[in-house]
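**Student:** Turn this into a model:
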Amino acid sequence: MATLHNILAIFLVYIFVSQGQDIPQGGTCNPSANRVDPATHRWVSDCNSKTFCDGELCQLKGCRTHELDSRYDQGDVLIPPLCPQGQFCPDAESHCQPVRGAGNHCELNRDDQCISPPNWQQSQSSMNNGGAICLNFQCMFANVSLGQPCVMDTTLYLALSSTGRQLSNTIYRDNCMAPGLYCDLKSSTCAFAKLVGASCARDIECRSYNCGLRGLCEVPPGSPVELSPLTYSVILTLLFLGIVSVIVSLYFIHSRQRIKRQKEFKKYFREQTSFRDSIISLHSAARFRRTRPSSQPSPPEHVPLVSVAENRQRLGAPPAIRVQPSSNSGSSYTPTLH
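**Tutor:** Now for the predicted structure:
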């Protein structure tokens, strides 16, 4: 329980030291409280985040250092302006000031407060601002070549984790031409930066600016993956073979379906042709019966015609009686058996 109270006390002291007393505009402030936090190296004072201590009063800030600032809402009329080219906004964000030449004072890691060298294109990199760099609170040019004496700036940053554990991060900066060179601590001269896979002790020693936990220079996080020509050729070959196999498979599948449909069509047409021939044969036989003479025999391919009397005798029915008119009288009829 005591450990939890100690962690909470450290956290509250850290917040108080970092944020100051949060005095609004018009409030009384102490100029001697203007300072850089030794842990986070952020500018703090007695005034709140939208004001700065001018004399003994908190006044609205006259400039800002970032284009997107979370301290202000969109459309807020109190948003201070950005400084124009050739000027910079100090950490206190009091008002814009002209940039300074080499050898002049500058604030921590504020390379934008220094004037770039004439040949800034040759020394410009992501480690400086147009070839200018602020080391040990002094403006310099980051154009020192291989084997020449260099200046090293070491800054230790401290922070508290969510569990109350203190975290540290050391940042090394120098005035060697980056990213190909770095300042060697042993010789204090500029040396070649190391490639990926070489042994290292600090990030600044690596050309990738990323010294891994194993003590080797590694590819920085978020960098795109670079493939070798052999890998590209293998991938392209596999893609080509995959496309060809798909085309061949579709061809054989379509051929089987086409052959199957052809067989179905042939079977259907044979059935239709047979059905059509049967109908024609039936019509021909019927037409032949209607048109043939009584003396002409039936065609052999048809069932022979049987008389009605023969049918009755075959079935055991009594003979039919036909009534014929009598020759003796015109009004009487004589039945005859058939």
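
**Student:** only C-alpha atoms for contact and neighbour calcs from this point on.
**Tutor:** OK.

**Student:** Pull out the buried residues from stretch 189-201.
**Tutor:** Under the neighbour-count criterion of 16 or more other C-alpha atoms under 10 Å, stretch 189-201 has Thr189, Cys190, Ala191, Phe192, Ala193, Lys194, Leu195, Val196, Ser199, Cys200 buried.

**Student:** can you list those residues in CSV and add secondary structure, distance to Thr231 and pLDDT?
**Tutor:** Output for those, formatted as CSV (DSSP: H, G, I helix; E, B strand; the rest coil; distance: C-alpha to C-alpha, whole Å; pLDDT from 0 to 100):
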residue, secondary structure, distance to Thr231, pLDDT
Thr189, strand, 40, 94
Cys190, strand, 37, 94
Ala191, strand, 34, 93
Phe192, strand, 30, 93
Ala193, coil, 28, 92
Lys194, strand, 25, 92
Leu195, coil, 22, 91
Val196, coil, 19, 90
Ser199, strand, 27, 93
Cys200, coil, 29, 92
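
**Student:** Kindly indicate which of these lies nearest Asp69.
**Tutor:** Set against Asp69, the nearest of the buried residues of stretch 189-201 by C-alpha to C-alpha is Ala193 (35.7 Å).

**Student:** you'd agree the closest one is up against Cys206?
**Tutor:** Yes. Checked against C-alpha atoms under 8 Å, the pair Ala193 and Cys206 is within contact range at 5.3 Å.

**Student:** Strands of the stretch 151-300 of the chain, residue ranges please.
**Tutor:** 152-160, 166-174, 181-183, 190-192 (DSSP state E, counting those that start in this stretch).

**Student:** Just put these in TSV and tack on distance to Pro31.
**Tutor:** Formatted as TSV, these follow (distance: least, C-alpha to C-alpha, whole Å):
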stretch	distance to Pro31
strand 152-160	25
strand 166-174	29
strand 181-183	38
strand 190-192	41
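
**Student:** for those, which one sits closest to Pro229?
**Tutor:** Pro229 lies closest to strand 190-192 among the strands of the stretch 151-300 of the chain, at 27.4 Å (C-alpha to C-alpha).

**Student:** before we move on, back to that, could you look over the strands of the stretch 151-300 of the chain and pick the most buried one?
**Tutor:** strand 181-183 (a mean of 27; mean count of other C-alpha atoms under 10 Å).

**Student:** now for that one, which elements pack on it?
**Tutor:** strand 190-192 (3 or more C-alpha pairs under 8 Å, 6 or more residues apart in numbering; DSSP states H and E).

**Student:** what does the strand it packs on contact?
**Tutor:** The set of residues external to strand 190-192 that reach it, using C-alpha atoms under 8 Å, 6 or more residues apart in numbering, is 144-150, 176, 180-184.

**Student:** quick one on the thing from earlier: of the strands of the stretch 151-300 of the chain, which is nearest Gly222?
**Tutor:** Short answer: strand 166-174, nearest of these by C-alpha to C-alpha, at 20.0 Å.

**Student:** Identify the residues contacting Cys29.
**Tutor:** Contacts of Cys29 (C-alpha under 8 Å, 6+ apart): Ile23, Asp46, Cys47, Cys53, Gly55, Glu56, Leu57, Cys58.

**Student:** ok, it to Asn48 distance?
**Tutor:** 10 Å (C-alpha to C-alpha, to the nearest Å).

**Student:** what residues are shared contacts of those two?
**Tutor:** Ile23.

**Student:** Mean confidence (pLDDT) on the longest helix seen in the chain, please.
**Tutor:** Longest helix of the chain, by residue count under DSSP state H: helix 229-291. What helix 229-291 shows for mean pLDDT is 90.

**Student:** picking up where we left off before, what's the overlap in contacts for Ala193 and Cys206?
**Tutor:** Here Ala193 and Cys206 share no contacting residue, scored by C-alpha under 8 Å, 6+ apart.

**Student:** So which of the strands of the stretch 151-300 of the chain is nearest Gly101?
**Tutor:** Among the strands of the stretch 151-300 of the chain, the nearest to Gly101 by C-alpha to C-alpha is strand 166-174 (17.5 Å).

**Student:** Could you pull up the mean pLDDT of that closest one?
**Tutor:** 88.

**Student:** Who are the contact partners of Asp91?
**Tutor:** By C-alpha under 8 Å, 6+ apart, the neighbours of Asp91 are Trp43, Thr65, Glu107.

**Student:** Pull out the buried residues from those residues.
**Tutor:** Neighbour-count burial (16+ other C-alpha under 10 Å) applied to the contacts of Asp91 gives Trp43, Thr65, Glu107.
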